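> what shape does this take:
(2 chains)
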Amino acid sequence: MIRDKYRAPAKAAPGTRLTTSAMIASIAGEGQRTAPAPFGHALVALARERPEIVGLTADLAKYTDLHVFAHAHPDRFFQMGMAEQVLMGAAAGFAREGFMPFATTYAVFASRRAYDFIAMAIAEEALPVKICCALPGLTTGYGPSHQATEDLAIFRGLPNMTVVDPCDAHEIAQAVPAIAAHPGPVYMRLLRGQVPLVLDEYGYRFQLGRAQMLREGREALVISAGFMTMRALEAAEALRADGIGVAVLHSPTIKPLDAATILAACRVEGRAVIVAENHTVHGGLGEAVAALLMREGVRPALFRQVALPDEFLDAGALPTLHDRYGISTGAMVARIRGWVG
Amino acid sequence: MIANAPSLARRAWNIRRHAVRMGEVQGQGYIAQALGVADVLAVSYFHAMRFRPDEPEWEGRDRFLLSIGHYAIALYAALVEAGIIPEDEIETYGADDSRLPMSGMAAYTPGMEITGGSLGQGLTVAVGMALALRLKRSDAWVVNLLSDGELDEGSTWEAAMSAGSHGLSRLIALVDVNGMQADGPSLGVSNFEPLQPKWEAFGWFTQRVDGNDVAALVAAFDAAKAHEGPGPRCIICDTRMAKGVPFLEARERNHFLRVEAHEWTDALAHLDAEMPA
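The predicted structure follows:
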């Protein structure tokens, strides 16, 4: 998209104030149940049982919840400075010496700046480095420098890499020991700070490589990952009032995909398939599911994506941006109603 | 030192000979780098480092990290000389299914600690290994051989600053300054001088020596190990591309050499004429 050189100045309507942007915005809704720093607390607990776990970061301990680990295990925490390449190279070095490094930064810096180090020093050797990254997709209003809208596409393309996008605090806490139990490298998206609690109400247990049906519905199936599962559950509840049954299949492991579960869910006659993700339309869960269905000759009644557009996104307040780019609950309800209502 | 062990000069000569024989298998390659760095490898393996030939992953070994993957021909030659790779594998160099690919990779070759080739990564991995060894209370050294070309990569300096910041006193960086890169003379590609003050400014105990002078290299390694300061150690080694084979030394562009079939015999003859005791 070619833009004019500068944007027009913002102007509040009379009697109103402009909405504001916050870099570290919580995606929790008003009054929603949350848990603090689920990644940090889960890692501290696991590290008590697994002495080989070390934590490394590139000047973002506080903003990836690794500071909880740093306080609990100061001798096993390594501050690598604001240098993501040496962060990933050093994590590889630790892994070569028998340790299991959890390396944290923002998703943009791991995927864009340190990619070659992750590819050659870590993934090519299938070393057990767990790369856990905050600000995935559109979870900050800071603009493209901090919005990792293509990280899943980048890491899906990397051999040996397992890719996970958990939904909430409940799932992050369970995913930490699960990715540690996996022998190879893992890229996991993180929600940090006050993280919504949703999946505990569904009796859900995270299993690496498994998609799980959270609710059934006849008219549409939403396959989702990350916090978009939370939105899909809210949308499904709203659409129930309209008599539209929406099933929600949560698929937090983006790679390897749980092909059998997804195929079975997509074979239900006459049901629309909608893939929802906090990621660009290119190269993420949506295209992974589409390719799987094509390969296996499964043709749903309708296939649609709820995903971010192929653009560098605006800066602004998160609720505004989620509405603008169609990944808020309200935007999703309207689109699904349009497709299957 | 074992009685009657070959001299370091002879070790270096053997390494050059193994490398030339590998070059002959392919008819081309990074032979000038191998000839140039042979003395540095000889002193590393046969004076400075601990290793067990029959147990290349022995926990107590000093780690030698080759970040310059294309120098694999030189390291294979040293590993053959060290008894880690059998000498008869020389003829498989660069062949399909060989354990000796043209760019060094950890999963292929015993004694190859890391996968090199993407330049500027080796020192970052070395930082992590040195931190990990310190956490394990190991006294093993981590030695990283990097090239002057790798000084162009920003990550080399991220790692240099990190090593200084973490006080990694069991880490030695060997910088092979042979003055030649893919596009021509190194200083014309990107001027990295003055080099010694740069490393010193990053907190490294730094020496600069003639990298083809075995006695000077021995003294530099001894000083690096004996130094009582808290920081990492750097030895800048000025080497001569194709050292030991005058007609290859004389070639202007010798980053990647093509050598005629009959010239390999000449190269070996030049080396053999100067065989040290």
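> what sits against residue A:276?
Applying CB atoms under 8 Å, 6 or more residues apart in numbering or on different chains, we find residue A:276 in contact with A:222-224, A:228-229, A:231-232, A:305-307, A:327, A:332. Backbone N, C-alpha and C define where each C-beta goes, glycine included.
> give me the subset of those lying in strands.
A:222-224, A:305-307 (DSSP state E).
> any weak-confidence spans in chain A?
For chain A, the stretches flagged by pLDDT under 70 are A:1-4, A:21-25.
> thinking again about what came up before, got the ones in strands among the contacts of residue A:276 as a markdown table, with neighbour count columns?
Listed next are the ones in strands among the contacts of residue A:276 as a markdown table, based on neighbours: other CB atoms under 10 Å in any protein chain shown:
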| residue | neighbour count |
| --- | --- |
| A:222 | 29 |
| A:223 | 27 |
| A:224 | 31 |
| A:305 | 21 |
| A:306 | 25 |
| A:307 | 24 |
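> so residue A:39: helix, strand or coil?
Following DSSP: H, G, I helix; E, B strand; the rest coil, we place residue A:39 in the helix state.
> count of neighbours near it?
Using other CB atoms under 10 Å in any protein chain shown, residue A:39 has 27 neighbouring residues.
> that one and residue A:132 touch, don't they?
Yes - counting by CB atoms under 8 Å, residue A:132 is a contact partner of residue A:39 at 6.3 Å.
> between those two, what contacts are shared?
With CB under 8 Å, 6+ apart as the test, residue A:39 and residue A:132 both reach A:64, A:190.
> which positions in chain B make contact with chain A?
B:105-107, B:113-115, B:117-118, B:120-121, B:123-133, B:135-136, B:154-155, B:158-159, B:161-162, B:165-166 (CB under 8 Å from any CB of the partner chain).
> switch to 7 Å and redo it
Where proximity means CB under 7 Å from any CB of the partner chain, the interface of chain B facing chain A comprises B:106-107, B:115, B:118, B:121, B:124-129, B:131-133, B:136, B:155, B:158-159, B:161-162, B:165.
> restricted to helices, list those residues.
Counting by DSSP state H, the residues of chain B next to chain A place B:124-129, B:131-133, B:155, B:158-159, B:161-162, B:165 in helices.
> which one of those is nearest residue B:171?
Closest to residue B:171 out of these is residue B:126 (6.0 Å), distances taken as CB to CB.
> what residues go with each domain of chain A?
For chain A, automatic domain parsing gives the domain ranges A:34-196, A:209-340.
> which of the ones you listed is buried the deepest?
With neighbours defined as mean count of other CB atoms under 10 Å in any protein chain shown, these peak in mean count at domain A:34-196, which reaches a mean of 23.
> relative to the whole chain's centre, how far out is that one?
12 Å (CA atoms, centre = their mean, to the nearest Å).
> could you do stretch B:53-69 as well?
13 Å.
> cool, stretch A:259-274 as well?
Centroid displacement of stretch A:259-274 relative to its chain, using CA atoms, centre = their mean, is 22 Å.
> residue ranges for the helices of the stretch 1-150 of chain B, please.
B:8-26, B:31-43, B:72-81, B:122-135 (DSSP state H, counting those that start in this stretch).
> in the last one, what's buried?
Of the residues in helix B:122-135, B:122-134 count as buried by neighbour count, 16 or more other CB atoms under 10 Å in any protein chain shown.
> CA atoms of that helix as CSV?
Output of helix B:122-135 as CSV, limited to C-alpha atoms (Å, rounded to 0.1, in the frame of the first residue of the first chain):
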residue,chain,number,x,y,z
GLY,B,122,30.9,-19.3,16.2
LEU,B,123,31.9,-16.8,18.9
THR,B,124,28.2,-16.5,20.0
VAL,B,125,28.1,-20.2,20.6
ALA,B,126,31.5,-20.1,22.3
VAL,B,127,30.1,-17.6,24.8
GLY,B,128,27.3,-19.9,25.7
MET,B,129,29.6,-22.9,26.0
ALA,B,130,32.0,-21.0,28.2
LEU,B,131,29.1,-19.8,30.5
ALA,B,132,27.8,-23.4,30.6
LEU,B,133,31.2,-24.9,31.5
ARG,B,134,31.7,-22.3,34.2
LEU,B,135,28.2,-23.3,35.6
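> that helix versus helix B:154-165: what angle between them?
Interaxial angle of helix B:122-135 relative to helix B:154-165 (axes from the mean of the first three to the mean of the last three CA atoms, to 10 degrees): 20 degrees.
> for the most centrally placed residue in chain B, which residues make a bridge with it?
Closest to where the C-alpha atoms of chain B average out (CA atoms, centre = their mean) is residue B:145, at 4.7 Å. Going by DSSP bridges, residue B:145 is paired in beta bridges with residue B:66, residue B:174.
> ok, it touching residue B:66?
Yes - look at residue B:145 against residue B:66 with CB atoms under 7 Å: they come within range, at 5.5 Å.
> related to what we said a few turns ago, I'd like the buried residues of helix B:122-135 laid out as a markdown table, including pLDDT.
Formatted as a markdown table, the buried residues of helix B:122-135 follow (pLDDT from 0 to 100):
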| residue | pLDDT |
| --- | --- |
| B:122 | 98 |
| B:123 | 98 |
| B:124 | 98 |
| B:125 | 98 |
| B:126 | 98 |
| B:127 | 98 |
| B:128 | 98 |
| B:129 | 98 |
| B:130 | 98 |
| B:131 | 98 |
| B:132 | 98 |
| B:133 | 98 |
| B:134 | 98 |
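> what are the ranges of the strands in chain B?
Counting by DSSP E, the strands of chain B are B:28-29, B:63-66, B:142-147, B:171-177, B:180-181, B:184-185, B:205-210, B:233-238, B:257-258.
> report the central residue of chain A.
residue A:165 (3.6 Å).
> find the nearest non-adjacent residue to residue B:120, please.
Excluding its sequence neighbours, the residue lying closest to residue B:120 (CB to CB, 6 or more residues apart in numbering or on different chains) is residue B:153, at 2.8 Å.
> quickly note the distance from the one you found to residue A:89.
Noted for residue B:153: a distance of 11 Å to residue A:89, by CB to CB, to the nearest Å.
> got it, and residue A:334?
Look at residue A:334 and residue A:89: by CB to CB, they are 46 Å apart.
> kindly report the same for residue A:263.
For residue A:263, the distance to residue A:89 - CB to CB - is 39 Å.
> could you do residue B:159 as well?
Separation of residue B:159 from residue A:89 (CB to CB): 7 Å.
> which neighbours do these two share?
B:124, B:127 (CB atoms under 7 Å, 6 or more residues apart in numbering or on different chains).
> all helices for the stretch 1-150 of chain A, in order.
So, for the stretch 1-150 of chain A - with DSSP H, counting those that start in this stretch - the helices run A:38-49, A:67-72, A:84-96, A:107-108, A:115-117.
> tabulate those helices (TSV), appending distance to chain B.
Output for those, formatted as TSV (distance: least, CB to the nearest CB, whole Å):
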stretch	distance to chain B
helix A:38-49	13
helix A:67-72	15
helix A:84-96	2
helix A:107-108	17
helix A:115-117	6
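> now for the ones you listed, which one comes closest to residue B:83?
helix A:84-96 (22.8 Å).
> tilt between the closest one and helix B:154-165?
70 degrees.
> same for helix A:84-96, what does it pack against?
If you count contacts as 3 or more CB pairs under 7 Å, 6 or more residues apart in numbering or on different chains; DSSP states H and E, helix A:84-96 packs onto strand A:53-57, strand A:100-106, helix A:115-117, helix B:122-135, helix B:154-165.
> tell me what angle that helix forms with strand B:142-147.
Per the same axes, to 10 degrees, the angle that helix A:84-96 makes with strand B:142-147 is 140 degrees.
> before I go, just wanted to say thanks for your time.
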